[in-house]
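> Would you be able to build a 3D model of this:
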Amino acid sequence: MSPPRRFRWGFIPLGLLLIGLIVWLAIAGRKPAQARTPPPVPVTVAQATNQDVPVTVTALGAAQAWQGVLINPLISGRLDYVAKEGDTVRAGQVLARIDCGPFTAALTQAQGALARDQGSLEGARRNLARYQQLVSENSIARQTMEDQAATVKQDEGAVLGDKGAVAAAQVNVDRCVIPSPISGRVGVRIVDAGNIVIANMTTGIISVNQIKPIAVTFTVPQGDFQRLSDASNGFRTPLATQAFSQETGAPLGAGELVVADNHVD
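Numbers count the residues shown, from 1 in each chain. So this is what the prediction gives:
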């Protein structure tokens, strides 16, 4: 015979009470977790001193030759020699040579004309001296002496013109050889040897760039410009600079800020 339904429903509250008691005992039996203390902070003691704080400005720069020269001929003629591309040259070393035959011949002609007119001048001066002596003795007319004096003046003018012609011819001869005005590296030639070059041509024959030392230009914002100006006493004190590779970050060289452009935006 099964127990009455009312009796079975009476066990439910008793079971719930028993479960709650077990849960309470489990929670109450737990020990409170101990709070973790942070590790000690290391403290270093140092003596306070006064010293300069570095001011660093980073900017994107572009390398360019310290000096660059485009070699243009000052006379016309056949180009006989051009320096090898990529060579390192010293100031005064020959970069190009133009055929000097016509200019040497012109110099010789000018020198010959000068020698001829100098001889004429010497003869005219001796005659003038004799005429002056004869005039003092009343042996010849004064007009003869005056005409001879005029001849001397003409010969002196001819000699002076000849000296100018010799100097001009010598300048052209000297311009046949083109030395390097700076020390640097030779660039790619524009005209090959054997071609005819023209005086004052704008394209040039060859170029030379000075790369030791080399210049690096860069632009900084207005605020950094003022900071650099203050740190260098208006750019009167040199500022140390260092260049790094944009691709690898490797140091490329060190130098000084030598000039601040006067074009400020």
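> Roughly how far does residue 236 sit from residue 85?
Separation of residue 236 from residue 85 (C-beta to C-beta, to the nearest Å) stands at 41 Å. Any C-beta I mention is one placed from the backbone N, CA and C, and that applies to glycine too.
> between the two, who's got more neighbours?
A direct count of neighbours by other C-beta atoms under 10 Å for residue 236 and residue 85 places residue 85 higher, at 12 against 7.
> and that one, what does it touch?
By C-beta atoms under 8 Å, 6 or more residues apart in numbering, the contact set of residue 85 is 186, 187, 188, 189, 206.
> quick one: residue 200 and residue 72 touch, right?
Yes: contact status for residue 200 versus residue 72: in contact at 6.4 Å, counting by C-beta atoms under 8 Å.
> tell me what the longest helix anywhere in the chain is packed against?
Criterion DSSP state H: the longest helix present in the chain is helix 101-136. When contacts are defined as 3 or more C-beta pairs under 8 Å, 6 or more residues apart in numbering; DSSP states H and E, helix 101-136 packs onto helix 142-174.
> in the longest helix of the chain, what's buried?
For helix 101-136, burial by neighbour count (16 or more other C-beta atoms under 10 Å) applies to 102-103, 106-107, 110-111, 113-114, 117-118, 121, 124, 127-128, 131, 135.
> picking that back up, quick one: which of the contacts of residue 85 sit in helices?
Using DSSP H, no member of the contacts of residue 85 falls in helices.
> From the residues you listed, keep the buried residues only.
Buried among the contacts of residue 85 by 16+ other C-beta under 10 Å: 186, 187, 189, 206.
> Tell me the one of the residues you listed nearest residue 66?
Checking these against residue 66 with C-beta to C-beta, the nearest one is residue 187 at 14.5 Å.
> how close does that closest one sit to residue 243?
22 Å.
> Quick one: the strands in the chain, in order.
Here the chain has its strands, by DSSP state E, at 61-71, 77-82, 88-89, 94-98, 177-179, 184-186, 196-197, 206-218, 239-244, 251-257.
> Switch those over to a markdown table; also include distance to residue 151.
Output for these, formatted as a markdown table (distance: least, C-beta to C-beta, whole Å):
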| stretch | distance to residue 151 |
| --- | --- |
| strand 61-71 | 48 |
| strand 77-82 | 40 |
| strand 88-89 | 54 |
| strand 94-98 | 41 |
| strand 177-179 | 41 |
| strand 184-186 | 56 |
| strand 196-197 | 45 |
| strand 206-218 | 52 |
| strand 239-244 | 72 |
| strand 251-257 | 68 |
